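**Student:** Have a look at this fold, sequence not included:
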């Protein structure tokens, strides 16, 4: 069952609408996604070209060489740098939409991981770390640290 979503970059310059299959939401742990997202993984979903529309702004495109050797276009906001999608550089049939930009992101639970051979070894320990509902007060030691 397809789901309509919409989203935008951090500054709002780029806006989009898409119709996605929530069962295809995935987490990618490849090293290029780690570097491009500046974190341990990227959450995304494939979107057929006919189900994806930019509704504002024009993304800047950077073409990289994927691990497969194929060219890959990465689209991001030229104002704030937010990543929006990856695709084939010319006439893409599918976009890999970055779900951190979707307004409905809380409803889009990943269904599988990929490129686990590149996953950070500390990911399994995340649930055991101290957690705060908001930013800790300045200078406050994290739980378990000397005070």
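**Tutor:** Everything's here; your move. Model, not experiment: these values are computed from the prediction.
**Student:** what bridges to the closest residue in space to residue 78 that isn't next to it in sequence?
**Tutor:** Ranked by C-beta to C-beta, 6 or more residues apart in numbering and with sequence neighbours excluded, the top spatial neighbour of residue 78 is residue 60, at 4.1 Å. (C-beta placed from N, C-alpha, C; glycine too.) As for beta bridges, residue 60 partners with residue 76 under DSSP bridges.
**Student:** contacting residues around residue 60?
**Tutor:** By C-beta atoms under 8 Å, 6 or more residues apart in numbering, residue 60 lies in contact with 75-78.
**Student:** most neighbours, which of those residues?
**Tutor:** The most neighbours of any of the contacts of residue 60, using other C-beta atoms under 10 Å, belong to residue 75, which has 23 neighbours.
**Student:** Which residues are in contact with it?
**Tutor:** By C-beta under 8 Å, 6+ apart, the neighbours of residue 75 are 59-61, 83-87.
**Student:** now residue 40
**Tutor:** 29, 34, 119-120, 123.
**Student:** if you set the cut-off to 10 Å instead, what comes out?
**Tutor:** Residue 40 sits next to 27, 29, 33-34, 118-120, 122-123, 126 when contact means C-beta atoms under 10 Å, 6 or more residues apart in numbering.
**Student:** Kindly supply the ChimeraX command isolating those of those residues that are buried.
**Tutor:** To isolate the buried ones among these in ChimeraX, judged by 16 or more other C-beta atoms under 10 Å, type:
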select :27,29,33,34,118,119
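**Student:** any idea which of the contacts of residue 40 is closest to residue 13?
**Tutor:** Distances from these to residue 13 were compared by C-beta to C-beta; the smallest belongs to residue 33, at 23.0 Å.
**Student:** how far out from the middle of the chain is stretch 91-102?
**Tutor:** 9 Å (C-alpha atoms, centre = their mean, to the nearest Å).
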